[in-house]
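attaching a predicted model along with its sequence, questions to come.
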Amino acid sequence: MSQTAPPQPEGHDVESELLLEEMGYQPQLQRGLNILGNLALTLSDITPTASLLVVGTAVIATAGTGSIWAYLIGGFIAVNVALCMGELGSMFPVAGGLYSIVTRVLGRPIGFLALLDYIGQAIFLPASVAFGVGTYLNSLYPSLSTKWVAAAMMIVVALIACLDVRLNAWMIAFFLALEIGVVIMLALAGFLHTHQSLSTFTHPHMATGTKGIGPVGASAIIAALATALFSVNGYDSAINFSEETEGSASAVGKAVVLAASIGIVFEVIPFIGVSLGAADLPGFLHSSTPLTDVVRSSFGHTAVDIVTWGAILAIFNASLAITLQFARVTYASGRDKAWPMPISNALAYVHPRFRMPWVATMLVGVLGAILCAQSSLISVVTFTSVLIIILYALIAISSLVSRVRQRDLERPFRMPLWPLPPVIALVGVGLALSQQKGSDLIICAAIFVGGIVYYFVFLAPRSDRYWSHLTVPEHELSVAAETNR
């Protein structure tokens, strides 16, 4: 399959292209995004509206009104994880994102496990968001199947994601503006019509039985941490789009932290408002659409129809941004030769006109569609949450190890207060993992055991051809060597 040579870059882009080449890659993707375009894609990946209306429902099901504590603690952990990602992402700004970072810091075997984790997210995460479209369309038209609507949407999203990345960024920015409007309306619905006191949070309750409510224990709040982290997840996509972003590597690190901070604010504040606005607390806690129920009680049926359609558009937008992100991860895995050569070559193929990885994009869409047709929202969300926090732990460890083993390497974006951010992140994800379902943990363990076997049986003996590009840039190694003389 022939590739079209990209146009020559300018300014900071020259430095970025040279850095990419020194890490062993030939630039192929189109640098069609400015930093605002990257930020729009990343915020759409975090997707406050879809996260609140889809993932937030799962958080409420786990911890009831104690979910606010899960969100506050989860947001604090997420900011610290984002600081770790920002520093490491500015050092290694490649489409493989987090798995590429882990490999270059902790070594190829652990890096391959990080890739498997990321690929698992590529399958499950777009589907978990797509379920939201099915859920909310079903609330308007009960005859529609939630699963099949979600599956069909995944295919449509994948086809759109195959277009020019600049066009996708403009489309996503437009929908993001609508999404922020929906989030603001959710917040107003609660804050302008409060029915609950602050004791809703200080003495939280959760759904019990068919219609009852009961107190929330600390273990339930800790268990909800993983899902709350999932809800604010997505800021890592600033790194995944770095090969298509103009400007310096430091801007990538700043985009990670800024996107995380904005996304958390736009989720936590509306969630507090909606929780205070619940007129019927038992009904709110047992509802499959608790947030839009508050809009209905505050503003009426017309308003909830507007919000529901806004939510559907926001969820569609999120699915598009997430599919774009994980298409880059899947593409990078092919470029790094993580799979047998025919598969790797297909995944690494870049469309000569749009300069985007269309095979990897369609694979993410098709796998997501199959999962939507065969699974349920809660099971997808809880398993994906475990994958996310395991990868967060690897990033936190990498940020500690990198400062020790790679202390002389250039860090275009440097996290403040090191080593506090990675230590806080590790404590947080450790707490969250301790309360997850045993079945999800066992499945993850089985995947990692299979991955280790595959690595040492297939990849390691062929290290001259497979999984061989993941190195520290040569110019950084030479700078470190000069520094140590």
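Received, thanks. Numbers count the residues shown, from 1 in each chain.

who touches stretch 265-284?
When contacts are defined by CB atoms under 8 Å, 6 or more residues apart in numbering, stretch 265-284 is touched by residues 48, 51-52, 56, 60, 65, 67-68, 71-72, 75, 180, 183-184, 186-196, 200-201, 205, 207, 211-213, 231-232, 290-291, 293-294, 297-298. All C-beta atoms are positioned from the backbone trio N, CA, C, and that covers glycine.

could you say which helix or strand holds A127?
Element membership of A127, judged by DSSP states H and E, is helix 108-140.

just give me how far the very next helix or strand once past that helix sits from the chain centre.
Downstream of helix 108-140, the first helix or strand assigned by DSSP H and E is helix 146-161. Between the centre of helix 146-161 and the centre of its host chain there is 18 Å, according to CA atoms, centre = their mean, to the nearest Å.

does anything pack onto helix 146-161? Which helices or strands?
For helix 146-161, the elements it packs on are helix 108-140, helix 165-191, helix 301-335, helix 358-374, judged by 3 or more CB pairs under 8 Å, 6 or more residues apart in numbering; DSSP states H and E.

tell me the mean pLDDT for that helix?
Summarised as a single mean, pLDDT over helix 146-161 is 84.

that helix: which residues count as buried?
Buried residues in helix 146-161, counting neighbours by 16 or more other CB atoms under 10 Å, are found at T146, K147, V149, A150, A151, A152, M153, M154, V157, A158, I160, A161.

looking at the contacts of stretch 265-284, which are in strands?
Among these, the ones falling in strands (DSSP state E) are H205, A207, G212, I213.

residues in contact with the residue lying closest to the last one once chain neighbours are set aside?
Nearest residue to I213, sequence neighbours excluded (CB to CB, 6 or more residues apart in numbering): H205, at 4.4 Å. Taking CB under 8 Å, 6+ apart, we find H205 in contact with G64, T65, I213, G214, P215, V216, L281, L285.

most centrally placed residue in the chain?
In the chain, the centroid-proximal residue (CA atoms, centre = their mean) is G234; its distance is 2.8 Å.

how much space between that residue and A318?
8 Å (CB to CB, to the nearest Å).

now do the shared contacts for the two.
Common neighbours of G234 and A318, using CB under 8 Å, 6+ apart, are D45, T47.

quick check: buried residues in the helix holding A127?
In terms of neighbour count (16+ other CB under 10 Å), helix 108-140 has its buried residues at 108, 110-139.

can you name every helix or strand that it contacts?
helix 98-106, helix 146-161, helix 301-335, helix 358-374, helix 377-405, helix 438-454.

can I get those in TSV with distance to L431?
Listed next are the helices and strands packed on helix 108-140 as TSV, based on distance: least, CB to CB, whole Å:
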stretch	distance to L431
helix 98-106	21
helix 146-161	31
helix 301-335	26
helix 358-374	28
helix 377-405	10
helix 438-454	14
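
now for the ones you listed, which one comes closest to A169?
Nearest to A169, of all those, is helix 301-335, at 8.9 Å by CB to CB.

mind listing what's buried in that closest one?
Of the residues in helix 301-335, 304, 307-308, 310-335 count as buried by neighbour count, 16+ other CB under 10 Å.

pretty sure I213 sits against P204.
No: with contact defined as CB atoms under 8 Å, I213 and P204 do not form a contacting pair (9.8 Å).

who has more neighbours, those two?
Comparing I213 with P204 by other CB atoms under 10 Å, the one with more neighbours is P204, at 22 against 19.

mind listing what that one touches?
By CB under 8 Å, 6+ apart, the contact set of P204 is A63, G64, T65, G66, S67, I68, W69, P215, V216, I221.

just give me the neighbour total for the residue nearest to P204 when sequence neighbours are not counted.
Counting by CB to CB, 6+ apart, P204 lies nearest to G66, which is 3.5 Å off, once chain neighbours are set aside. Neighbour count of G66, defined by other CB under 10 Å: 26.

next: S439.
Residues near S439, counting by other CB under 10 Å: 12.

since that was my last question, I'll sign off now.
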